[in-house]
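# fold the following and give me the result.
(one chain, ligands or ions: 1)
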Amino acid sequence: MLDGSQKWQGSSESIDYKPGRFVYLALLGVSTLAVSALAFFFWYIPTVGLRNIHPALPYILGAALVTGSVFVLGGTAFITNAAIKGRLPFYSHTLRWLLVKFYLPLMVMAGGVLKIPKIKIERAFIDLNNQMVKMMGKKVRPEKLLILMPHCIQFDNCRIKVTRDVKNCAGCGKCEIGGLLSLSDECGVSLFISTGGTVARRKLYEDRPDAVIAVACERDLTSGLQDSYPLPVLAIVNKRPRGYCMETGVAIEEIRQAIRDLVG
Ligand code: SF4
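Numbering: from 1, shown residues only. Predicted structure coming up:
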């Protein structure tokens, strides 16, 4: 017990927190320099002219721009095809990389300018991601598949702790955890109820599954898909009869179908 004059120093396991001011300032300095260099570049090139710097430079820049444009336009054509027809002519890892790392941030930025609700962009992204994951045709062993559920799916007044061990659930039927547990036992796949994104990431790091079925709201699924790339993740948007983060739900049949899609 501490008396009034003593301060709590933390336990031996506590991590000493030091503000990362230096890292922030260093990044700020580097970013400012990069923006200034870019501004100088955009002033210098038109003023002096590429040909005056080196006669081959206009051709090199032209070839680089054409290659980049073909790459991005090709990706856009495939993704548009997938969105309209619900399928892709073929699967490519590069295409999923483009979708997750390039088009999504671009779409969010463009959507912000055009005032398109972010949730619509996230839903489209989740849909396209799922199509691509199914097209990968990757089949995993049941024990290498993980179902990740958010804690908010639990009945609010249930006092049973299912986040440590989901098998603690008594299967009373007041929420879908009981049904999910039966399904996971039946199919031999792991089920984990996560209290948040960090815990979910740690679970992926520890278990190293070959594929994941994740259930959450659009925002959490979108950030989770980005963070877990290139892991194949089938993302399922939760039901929210009482709004966000409170007694959410999921269609168990959708989970069953996702297991069929991934387990071979
Ligand atoms: S199904 Fe399980 S987790 Fe849900 S309320 Fe009943 S005992 Fe609690």
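# alpha carbons only for contacts and neighbour counts from here, please
Will do.
# give me the helices and strands touching the strand or helix carrying Asn130, please.
Using DSSP states H and E, Asn130 maps to helix 118-136. If contacts are counted by 3 or more CA pairs under 8 Å, 6 or more residues apart in numbering; DSSP states H and E, helix 118-136 sits against helix 57-85, helix 104-114, helix 218-228, strand 233-237.
# dump these to CSV, plus distance to the ligand, mean pLDDT and mean neighbour count.
Converted to CSV, the helices and strands packed on helix 118-136 look like this (distance: least, CA to the nearest ligand atom, whole Å; pLDDT from 0 to 100; neighbours: other CA atoms under 10 Å):
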stretch, distance to the ligand, mean pLDDT, mean neighbour count
helix 57-85, 36, 84, 13
helix 104-114, 35, 88, 14
helix 218-228, 22, 94, 18
strand 233-237, 19, 96, 24
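# make a markdown table out of those and add distance to Ala34.
Listed next are the helices and strands packed on helix 118-136 as a markdown table, based on distance: least, CA to CA, whole Å:
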| stretch | distance to Ala34 |
| --- | --- |
| helix 57-85 | 20 |
| helix 104-114 | 20 |
| helix 218-228 | 26 |
| strand 233-237 | 35 |
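# ok, which of those comes nearest Thr32?
Closest to Thr32 of these, according to CA to CA: helix 104-114, at 21.2 Å.
# which other helices and strands contact that closest one?
Using 3+ CA pairs under 8 Å, 6+ apart, the elements in contact with helix 104-114 are helix 118-136.
# check the offset of the helix it packs on from the chain's centre.
Computed by CA atoms, centre = their mean, to the nearest Å, the separation of helix 118-136 from the middle of its chain amounts to 11 Å.
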